[in-house]
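*Asks:* what follows is a predicted protein model with its sequence.
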Amino acid sequence: MNVSFHSDALPDIDRITGRRRMRRNRRTEWSRRLVRENRLTTDDLIWPIFVIEGENRREAVPSMPGVERYSVDLAVEAARRARSLGIPVVALFPNTDPSRRDDDGSEALNSANLICRACRAIKAEVPEVGLLTDVALDPYTSHGHDGLLREGEIVNDESVSVLARQALVQAEAGSDIVAPSDMMDGRVGAIRETLDSAGYTHVQIVAYTAKYASAFYGPFRDAVGSGKMLSGDKKTYQMDPANTNEALREAELDIAEGADMIMVKPGLPYLDIISRLKETFGMPTVAYNTSGEYSMIEAAAANGWLDGNRAMMETLISFKRAGADSILTYFAPRVAEILKESV
């Protein structure tokens, strides 16, 4: 049976939509670019780099395909690559030899430790690239916790005293941004006071303001060598994933204590937190695209389940859409290459 359609039988779409056709702006690539609300650029990127002992040495991180640990000389080369790609900041994380770890994380206060040597080497050769260093004890403790462990408890105030000294040691080595990731109460204020008293008023603090007790940190702990050492969990100091208002209170305290920027970690499962913090405080806000988020995409892409580059770019633009000003991501050099080619 033949069925014929007459134009007068079709709905009047212009009347229904009030002549507002949303697809007009999506029709062409140039038009989509013209009305795009958020953009990702190399200026948004912070590249985390894992550092190991030795010379001309690199190690693959099995749980993070494509990510390697670098000896200090190769970390300098990575910083040169960051400069050539337009990445403004690299973040340094040490894989400390187990023989240098102890219950008190004393290697964190060694001015000749791995991170301090890397800072000095990079600043001597690539001064244009900003250096962000992690302030926490987990890469240095034998128990894998971010603070001092006393009779089964992570003690707060004693840990803060050590963390403030750790931040000063890093600033003396050339760190531009110290980033306390430990989640101890009052550490931002103690670090600010310590730095200012020593004349390092120019050193910035990025506070891990909302760092959740998350399952997405596993590959990172493998990369820094603390995963198998961790005794218990970190739920007494990292945030409960069920909480949002608590993040606002944490941010208010960190800002009052002198934080220059605030961070949310993990990023992708906590886009609502990024959005709330940005809307409430208007502070420079960093999203940490964690190791677990990275490895999920890489594993799915390796199995052919999704387009890795598209998923990567979509993930990072979601951070910008939520309100993040910058993104700490292991994808940084790959993203920068893609953005460079698209110019």
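*Replies:* Nice, thanks for sending it over.
*Asks:* quick one: mean pLDDT over stretch 79-98.
*Replies:* Stretch 79-98 shows a mean pLDDT of 97.
*Asks:* heads up, I number from 834, so please use that
*Replies:* Done: numbering now begins at 834, and the last item shifts to stretch 912-931.
*Asks:* just the buried residues of it, please?
*Replies:* 912, 914-916, 918, 920-929 (16 or more other C-beta atoms under 10 Å). C-betas here are computed from N, CA, C, even on glycine.
*Asks:* for these, name the two members farthest from one another.
*Replies:* For those, the maximum inter-member distance is 28.1 Å, found between Leu918 and Thr929 (C-beta to C-beta).
*Asks:* so where's the chain uncertain?
*Replies:* For the chain, the stretches flagged by pLDDT under 70 are 834-843, 846-847, 849-851, 1176.
*Asks:* now do 80
*Replies:* 834-852, 1060-1062, 1064, 1176 (pLDDT under 80).
*Asks:* buried sites along stretch 876-888?
*Replies:* For stretch 876-888, a neighbour-count test (16+ other C-beta under 10 Å) marks 877-885 as buried.
*Asks:* what helices and strands are in contact with the longest helix seen in the chain?
*Replies:* Assignment by DSSP state H gives helix 990-1006 as the longest helix of the chain. Secondary structure elements in contact with helix 990-1006, counted by 3 or more C-beta pairs under 8 Å, 6 or more residues apart in numbering; DSSP states H and E, are helix 947-958, strand 963-968, strand 981-983, strand 1010-1013, helix 1020-1030.
*Asks:* then that helix to CSV, C-alphas only?
*Replies:* The C-alpha trace of helix 990-1006 is given here as CSV (Å, rounded to 0.1, in the frame of the first residue of the first chain):
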residue,chain,number,x,y,z
ASP,A,990,49.3,18.5,65.3
GLU,A,991,52.6,16.7,65.4
SER,A,992,52.2,15.8,61.7
VAL,A,993,51.4,19.4,60.8
SER,A,994,54.7,20.5,62.4
VAL,A,995,56.6,18.1,60.2
LEU,A,996,54.6,19.0,57.1
ALA,A,997,55.4,22.7,57.6
ARG,A,998,59.2,21.9,57.7
GLN,A,999,58.8,19.7,54.6
ALA,A,1000,57.2,22.6,52.7
LEU,A,1001,60.1,24.8,53.7
VAL,A,1002,62.7,22.3,52.6
GLN,A,1003,60.9,22.1,49.2
ALA,A,1004,60.7,25.9,48.9
GLU,A,1005,64.4,26.2,49.6
ALA,A,1006,65.1,23.7,46.8
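*Asks:* let me know the angle separating that helix from helix 947-958.
*Replies:* Orientation check (axes from the mean of the first three to the mean of the last three C-alpha atoms, to 10 degrees): helix 990-1006 against helix 947-958 gives 20 degrees.
*Asks:* count of neighbours near Glu1131?
*Replies:* Glu1131: 21 surrounding residues under other C-beta atoms under 10 Å.
*Asks:* and Gly1051, by the same measure?
*Replies:* By other C-beta under 10 Å, 16 other residues sit near Gly1051.
*Asks:* just Val900 next, same as before
*Replies:* Val900: 22 neighbours (other C-beta under 10 Å).
*Asks:* again with Trp863
*Replies:* 7.
*Asks:* same check, this time on Leu1139
*Replies:* 14.
*Asks:* can you tell me the closest non-neighbouring residue to it?
*Replies:* Leaving aside its chain neighbours, Leu1139 sits nearest to Ala1133 (4.9 Å; criterion: C-beta to C-beta, 6 or more residues apart in numbering).
*Asks:* pretty sure that neighbour is touching Ala1144, no?
*Replies:* Yes: counting by C-beta atoms under 8 Å, Ala1144 is a contact partner of Ala1133 at 7.3 Å.
*Asks:* just flag the most distant two among the buried residues of stretch 876-888.
*Replies:* Across the buried residues of stretch 876-888, the longest distance by C-beta to C-beta is 27.6 Å; it joins Asp877 and Ile885.
*Asks:* the longest helix of the chain: how far from the chain's middle?
*Replies:* Computed by C-alpha atoms, centre = their mean, to the nearest Å, the chain-centroid distance of helix 990-1006 equals 20 Å.
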